[in-house]
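*Asks:* sequence? don't have it. structure:
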């Protein structure tokens, strides 16, 4: 990955399960050409990894802070990620919805 590309790992807290959050994230990510994945976690949060140009990943992160209608985002934790994080997506997919972890 070149210097203009970044990887961010997010954990989204609030009312983010059973509101179409993962499908919405996948749709928005594919519209923006962002690589990565999203999944529910057993603790009620949603986890996502985004890889791409820094400005686009920033836009995705900001969008996740708002979420789709029906969601209520209370907190968004984010950390730098790496190629190993992105590699968890399904083979052949640009952006995956993964099973709950």
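*Replies:* Arrived safely. Note that the structure is predicted; figures quoted are calculated from it, not measured.

*Asks:* When you work out contacts or count neighbours from here on, use the C-alpha atoms and nothing else.
*Replies:* Noted.

*Asks:* For the helix or strand where residue 38 lies, enumerate the helices and strands it packs against.
*Replies:* Secondary structure assignment for residue 38, by DSSP states H and E: strand 35-40. When contacts are defined as 3 or more Cα pairs under 8 Å, 6 or more residues apart in numbering; DSSP states H and E, strand 35-40 packs onto helix 21-32, strand 46-53, helix 83-86, strand 95-97.

*Asks:* so where's the chain uncertain?
*Replies:* 1-3 (pLDDT under 70).

*Asks:* ok, residue 67 - contacts?
*Replies:* Residues in contact with residue 67 (Cα atoms under 8 Å, 6 or more residues apart in numbering) are 21, 24, 73.

*Asks:* Check residue 10 too.
*Replies:* Residues near residue 10 by Cα under 8 Å, 6+ apart: 47, 48, 49, 61, 76, 77, 78, 79.

*Asks:* Tell me who's in contact with the first one.
*Replies:* Same thing as residue 47. 9, 10, 11, 12, 38, 39, 40, 41.

*Asks:* repeat that with 6 Å
*Replies:* 10, 11, 38, 39 (Cα atoms under 6 Å, 6 or more residues apart in numbering).

*Asks:* sorry, back to before: farthest pair in the contacts of residue 10?
*Replies:* With Cα to Cα as the measure, no two of the contacts of residue 10 lie farther apart than 49 and 76, at 12.6 Å.
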